[in-house]
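Novice: pasting the sequence and the predicted model now:
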Amino acid sequence: MSQGKGFLEWLERLKAQKAWTPARAALRRSLAFPPGAYPKVMPYVEPFVKEEGWVREAHYLVAALYALKDGAHQEGRTLARALWEKAQGSDSVERRFLALLDADRDQIAFRLRQAVALVEGGLDFVQLLNDLLRWFSPERYVQARWAREFYGAEVSEEKKGVEA
């Protein structure tokens with residue numbers, strides 16, 4: 001089981017409990033702080049987190065973004081694909097997507113918060129966490145895959161139009 005899948009199961013169990021309402025409010029509020037720096041969300045995230053540094057911050061960030069979307073998990077709908085759907089007719093969404101791809105550790109939480117708030121509907125939070133855990137790989141293959149999903153989706157839609 002990937003870290004993302006296990007963490008999503010944890011969040012889904014939390015969402016099914018009565019404690020979800022105050023947890024969701026605290027997690028959403030935590031987006032105003034650096035990931036992992038808002039003490040009120042620590043009871044909801046720390047039991048699952050086993051490492052320090054970026055791994056810990058990524059868990060906090062995904063938990064807060066999950067709360068921002070009210071737990072709307074949609075398997076297979078990546079953030080890049082959702083942004084492509086939103087970008088139809090909007091240059092500003094593409095600019096934000098490119099800024100997200102270029103985000104460093106200081107910017108990533110802010111850029112992700114902006115991007116997730118832009119899209120409608122659910123996202124694949126398992127994939128999002130798995131991608132964030134590898135975001136700072138020197139090869140930047142996560143960013144390359146996101147770019148293929150974003151720009152490749154446009155090509156796929158054009159092919160559909162030609163074939164029809």
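Specialist: Structure's in. What do you need?
Novice: for residue 69, which residues are in contact?
Specialist: Residue 69 makes contact with 116, 122, 123, according to Cβ atoms under 8 Å, 6 or more residues apart in numbering. C-beta: built from backbone N, CA, C; applies to glycine.
Novice: so what pLDDT did it get?
Specialist: At residue 69, the model reports a pLDDT of 95.
Novice: which ones among the contacts of residue 69 are found in helices?
Specialist: residue 116 (DSSP state H).
Novice: among the contacts of residue 69, who's most crowded?
Specialist: Neighbour tally across the contacts of residue 69 (other Cβ atoms under 10 Å): the maximum, 26 neighbours, falls on residue 123.
Novice: ok so residue 5 is a helix residue?
Specialist: Yes - counting by DSSP: H, G, I helix; E, B strand; the rest coil, residue 5 is located in a helix.
Novice: distance of it from residue 40?
Specialist: 26 Å (Cβ to Cβ, to the nearest Å).
Novice: contacts for stretch 48-66 next, please.
Specialist: Under the criterion Cβ under 8 Å, 6+ apart, residues 4, 6-8, 10-11, 27-28, 30-31, 34-36, 41, 44-45, 73, 105, 108-109, 112-113, 116, 123, 125, 128-129, 132-133, 135-136 lie in contact with stretch 48-66.
Novice: would you map the helices across the protein?
Specialist: Going by DSSP H, the chain shows helices at 3-15, 20-29, 42-45, 54-68, 79-87, 91-101, 108-118, 125-133, 141-163.
Novice: right, and residue 73 touches residue 8 too?
Specialist: Yes - in this structure, residue 73 is within contact of residue 8 by Cβ atoms under 8 Å, at 6.3 Å.
Novice: now the common contact residues for the two.
Specialist: 66, 125, 126.
Novice: just the buried residues from the residues you listed, in ChimeraX please.
Specialist: Those of the shared contacts of residue 73 and residue 8 that count as buried under 16 or more other Cβ atoms under 10 Å are selected in ChimeraX with:
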select :66,125,126
